[in-house]
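Enquirer: Quick one: sequence plus predicted model below, questions after.
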Amino acid sequence: MATVTSYGAAQTVTGSCHLIKIGSIKILIDCGMFQGNGRGDKNYDDFEFDPSKINYLILTHAHLDHIGRVPKLIKEGFNGRIIATKATKDIARIMLLDSANILREEYKTLRRKALRRGEEETISEPLYSKNDVKDVFAKKWRTLDYFEEYKLKQHIKVSFGNAGHIMGSAFVMLDYQDDNQKYKRMVFSGDIGSPNRLIIDNPDNIGNADFLFIESTYGDRKHKPLEQSIEEFKEAVISTLKQNGNVIIPSFALERTQEILWLLHEMHDNGELPKCRIFMDSPLAIKATKLYNRYPVHLSDELHYSGGDPFSFAWLEPTTTRDQSMAVNKTKERSIIIAGSGMCNGGRIMHHLKHRLWNPKNAIVFVGYQVRGTLGRSIVDGDKHIRIYGEDIVAKAKIYTINGFSAHADQSELIEWMRPIEGLKNISLIHGEEDKMEIFAEAIKSELGHEANIMVHGVTIKL
């Protein structure tokens, strides 16, 4: 008998962590961080299972809400094999090292403030360190190509399909024998990308599955067409620059930054982009972009420049050091600043918002999902004053929210991805806010005729 228990991304978007038991074998799908809405403290809680009893950890992709607690898992006893695509392994390394740096800086700041209050004993040590991250990559890994089968045990095989979300992203197919010696297939979607994206190949089809656990981040809506979003993006950038303003783009280091760079590259080459300075102010995004160039096999066939780098052009200025980042704020007009984090919950984007959010000549262009409880969500929701580093900043810059760039499929795209799957007996919804899941479940019933179960944190279902 197989069972599944979700210990994260159940009626919430982050903290992806799903425990599968097939006979005596225990498999963990993802081990991500909780983010937004005051959930960060949950990352420090004990796991609700024994990490030392897990045989395999399978990673769908390298976003922190899917891999961010892997070092903690290993610190607390996991000694099994880690399975992922090669690109996911390489991207996970830079993501986790960056996360360790952020955790350390946050700890130092909190401890400094606590010392002044005489409460330093209340501050927890960082969730993990750079050395803990190194321990992750000292473990046994097995990297798989898409649709390459790997036998976990005689009766259990795992394989990946391209999820089309970010480079190296995968949905997980587990083929196993049930108690009647019949083969069943359990699929975890990971995060499914929209088809016809700018730089990543379309998601693969599954073929058949008995049990599907599918993300529902945008299960309640349909995205604007990508072409319309591109035009909105161009209008926001061009109109702001023509008014001698600055364009600030809070951007995720993976996928979104590369899409924006590609688009700006095209605008530059087509003569659409007014003369300006373009800063890529994210050391993590700079490293990630180099990895994208290392794996051209994952990139769309549309993405090619004769003998050149699709993500680099004459006006682009990568800023790696802190001094270079601070110098960006001396540029008062006609600049585009791409900086992390994508939800404005830390990182260099905070300084740029502090210096530019108050000025009506400027524009803040959001091209990614803003989780409830993040500073980015507060700006998108229209809060008039935004507190940044202890200072209330009036929000007078023009705010653009362009959701057609989403790395997640929308409701209709998810349903179309599911439609050809043969043999479905059970659908369970994960990785979404509860109200969106309920809407998505109704759409699945209407379009596909299937009932969809909404996974509840810590509640085990039998398959």
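Expert: Good, I have the coordinates. Numbering: from 1, shown residues only.

Enquirer: Please enumerate the helices of the stretch 1-150 of the chain.
Expert: 64-67, 70-75, 86-117, 130-137 (DSSP state H, counting those that start in this stretch).

Enquirer: For the last one, buried residues please.
Expert: Counting neighbours by 16 or more other C-beta atoms under 10 Å, one finds that the buried residues in helix 130-137 are 130, 132, 133, 136. Bear in mind the C-beta positions are built from the backbone N, C-alpha and C, glycine included.

Enquirer: Flag the shaky bits of the stretch 201-350 of the chain, pLDDT-wise.
Expert: 301-308 (pLDDT under 70).

Enquirer: what do you get if the cut-off is 50, keeping everything else the same?
Expert: 305-306 (pLDDT under 50).

Enquirer: Return the distance of residue 438 relative to residue 220.
Expert: Plainly put, residue 438 is 8 Å away from residue 220 if you go by C-beta to C-beta, to the nearest Å.

Enquirer: meant to ask about residue 389
Expert: In terms of C-beta to C-beta, residue 389 sits 34 Å off from residue 220.

Enquirer: residue contacts, residue 106?
Expert: 126, 346 (C-beta atoms under 8 Å, 6 or more residues apart in numbering).

Enquirer: and if you look at residue 375?
Expert: Neighbours of residue 375 in contact, by C-beta under 8 Å, 6+ apart: 343, 344, 345, 350, 353, 386, 388.

Enquirer: Does residue 31 touch residue 69 like I think?
Expert: Yes - using C-beta atoms under 8 Å, residue 31 is in contact with residue 69, at 4.7 Å.

Enquirer: Verify the contact between residue 267 and residue 276 for me.
Expert: No - the pair residue 267 / residue 276 is not scored as a contact, 10.5 Å apart, by C-beta under 8 Å.

Enquirer: Run a quick neighbour tally on residue 387.
Expert: 11 (other C-beta atoms under 10 Å).

Enquirer: what's the helix or strand for residue 372?
Expert: Of the helices and strands defined by DSSP states H and E, none includes residue 372.

Enquirer: What separation is there between it and residue 59?
Expert: Separation of residue 372 from residue 59 (C-beta to C-beta) stands at 25 Å.

Enquirer: list the buried ones in stretch 78-89?
Expert: 78, 80, 81, 82, 83, 84, 85, 87, 88, 89.

Enquirer: What is the end-to-end distance of it?
Expert: By C-alpha to C-alpha, to the nearest Å, the extent of stretch 78-89 from end to end equals 17 Å.

Enquirer: For that stretch, give me every contacting residue.
Expert: Contacts to stretch 78-89, defined as C-beta under 8 Å, 6+ apart, come from residues 51-52, 54-62, 70, 92, 136-137, 139-146, 150, 158, 160, 167-170, 291, 295, 298.

Enquirer: I'd like to know which of these are buried.
Expert: The buried subset of the contacts of stretch 78-89 (16+ other C-beta under 10 Å) comprises 51, 54-62, 70, 92, 136, 141, 143-144, 146, 150, 158, 160, 167-170, 291, 298.

Enquirer: Backbone dihedrals for residue 388, please?
Expert: The phi and psi values for residue 388, taken as degrees, to the nearest 10, are phi -130, psi 120.

Enquirer: what residues are up against residue 102?
Expert: Per C-beta under 8 Å, 6+ apart, neighbours of residue 102: 346, 347.

Enquirer: Need the residue closest to the centroid of the protein.
Expert: With distances taken as C-alpha atoms, centre = their mean, residue 63 lies nearest the centre of the chain, 3.9 Å away.

Enquirer: now it: how far from residue 163?
Expert: 11 Å.

Enquirer: Residue 228 too?
Expert: 24 Å.

Enquirer: Compare the two (neighbour count), which wins?
Expert: Just comparing residue 228 and residue 163: by other C-beta under 10 Å the higher neighbour count belongs to residue 163, 28 against 12.

Enquirer: So which of the contacts of stretch 78-89 are in strands?
Expert: Judged by DSSP state E, the contacts of stretch 78-89 include 56, 57, 58, 141, 142, 143, 150, 158, 160, 170 as members of strands.

Enquirer: Make JSON lines out of those and add distance to residue 257 and pLDDT.
Expert: Formatted as JSON lines, the ones in strands among the contacts of stretch 78-89 follow (distance: C-beta to C-beta, whole Å; pLDDT from 0 to 100):
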{"residue": "56", "distance to residue 257": "31", "pLDDT": "98"}
{"residue": "57", "distance to residue 257": "27", "pLDDT": "98"}
{"residue": "58", "distance to residue 257": "26", "pLDDT": "98"}
{"residue": "141", "distance to residue 257": "26", "pLDDT": "97"}
{"residue": "142", "distance to residue 257": "29", "pLDDT": "98"}
{"residue": "143", "distance to residue 257": "24", "pLDDT": "98"}
{"residue": "150", "distance to residue 257": "31", "pLDDT": "97"}
{"residue": "158", "distance to residue 257": "30", "pLDDT": "98"}
{"residue": "160", "distance to residue 257": "24", "pLDDT": "98"}
{"residue": "170", "distance to residue 257": "21", "pLDDT": "97"}
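
Enquirer: Same list, the residues you listed, but as TSV with distance to residue 423 please.
Expert: Shown next, in TSV, are the ones in strands among the contacts of stretch 78-89 (distance: C-beta to C-beta, whole Å):
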residue	distance to residue 423
56	24
57	27
58	22
141	32
142	27
143	29
150	22
158	19
160	19
170	21
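
Enquirer: And for the closest residue to residue 404 other than its chain neighbours, the neighbour number?
Expert: Leaving aside its chain neighbours, residue 404 sits nearest to residue 229 (2.6 Å; criterion: C-beta to C-beta, 6 or more residues apart in numbering). Residues lying near residue 229 (other C-beta under 10 Å) number 17.

Enquirer: Wasn't residue 229 part of a helix?
Expert: Yes - membership of residue 229 in a helix is supported by DSSP: H, G, I helix; E, B strand; the rest coil.

Enquirer: mind checking how far it is from residue 369?
Expert: Using C-beta to C-beta, we find residue 229 at a distance of 14 Å from residue 369.

Enquirer: residues shared between the contacts of the two?
Expert: residue 403.

Enquirer: Which parts of the stretch 301-450 of the chain are strands?
Expert: For the stretch 301-450 of the chain, the strands defined by DSSP state E, counting those that start in this stretch cover 316-318, 335-339, 363-366, 385-388, 391-394, 398-401, 426-430.

Enquirer: How about the second one, which residues are buried there?
Expert: Neighbour counts using 16+ other C-beta under 10 Å place 335, 336, 337, 338, 339 of strand 335-339 among the buried residues.

Enquirer: next one: it to chain centre, how far?
Expert: 20 Å (C-alpha atoms, centre = their mean, to the nearest Å).

Enquirer: Please shift the residue numbers so they start at 21 in all later answers.
Expert: Yes, from this point I'll number from 21; that puts the last item at strand 355-359.
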